[in-house]
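Asks: Next input, structure requested:
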Amino acid sequence: MTLKHLIAFSVYSFAALAAAQILFRSNATAGQIPKLDVNHTLSNSLIADNGSNISIGGMSVAANGIITFANGQTFPLTGTGGGTGIANVVGTFKAQGQSTGIPDTTLITPTNDGLYRLSYYATTTTADNSGASFAAIIVYTDDAGDKTGTPLPGGATNCGSPLSGSGGTFIVEAKAGHPIVFHMQQNFTPVSCQYSFFMTTEQLM
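Replies: Residues are numbered from 1 along each chain as shown. I've put the predicted structure just below:
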């Protein structure tokens, strides 16, 4: 065996021995992607693989590529001149089986000045002939000051037949520390009328 072959064999043997020592001293468990830790042994990384999906904490990627995000995941909007990105749902509201108005309810209190989109839907579920109706009203503060008693277009429903439903979207600029508040205004007194109201608040920038 030449010196060249002897050196190559020694290097190979040393590498194989080192790899075997790392493997034998492994603390990694099945289903976890291993990593080399500071003690040069294999240990569990943050990545798990159960054969159906790969996950890191509450986020997972299925074999078909579908991504499931952890609860509470947010998507910061970045960019210059206002920002671009994915609209982030920051608040939801749902009321069903309502027969009276809804008192002032805070949707969100912004921590920074921003642009918000309200998406809403109102529908009568039980009609009567009382002539009563309900309308969504919001209160917020923008650069010009307080905006009080602003009706949401399409956010109203009445108690007459046939059963009615309507919805829409409304965009507001809201100042930090000033809540966006809504209430459902009742007009006249219903007899047996009931309605449902749904609203989602998204931060656009």
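Asks: Going by C-alpha atoms from here, please, whenever you check contacts or count neighbours.
Replies: OK.
Asks: Can you show me the strands along this structure?
Replies: All strands of the chain, identified by DSSP state E, fall at 32-36, 42-49, 53-56, 59-62, 67-68, 88-98, 102-108, 114-126, 133-142, 145-158, 165-174, 180-187, 194-203.
Asks: Distance check, the residue positioned nearest the centre of the chain against residue 73.
Replies: With distances taken as CA atoms, centre = their mean, residue 89 lies nearest the centre of the chain, 5.0 Å away. According to CA to CA, to the nearest Å, residue 89 stands 10 Å off from residue 73.
Asks: May I see the strands of the chain organised as a markdown table, with mean pLDDT added?
Replies: Converted to a markdown table, the strands of the chain look like this (pLDDT from 0 to 100):
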| stretch | mean pLDDT |
| --- | --- |
| strand 32-36 | 78 |
| strand 42-49 | 83 |
| strand 53-56 | 89 |
| strand 59-62 | 89 |
| strand 67-68 | 87 |
| strand 88-98 | 93 |
| strand 102-108 | 96 |
| strand 114-126 | 95 |
| strand 133-142 | 95 |
| strand 145-158 | 91 |
| strand 165-174 | 94 |
| strand 180-187 | 95 |
| strand 194-203 | 95 |
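Asks: and residue 143, how far is that from residue 153?
Replies: Distance, residue 143 to residue 153, by CA to CA: 22 Å.
Asks: got a list of what the nearest residue to residue 188 once chain neighbours are set aside touches?
Replies: Among residues not flanking residue 188 along the chain, residue 132 sits closest, at 4.7 Å (CA to CA, 6 or more residues apart in numbering). Residue 132 sits next to 158-160, 186-190 when contact means CA atoms under 8 Å, 6 or more residues apart in numbering.
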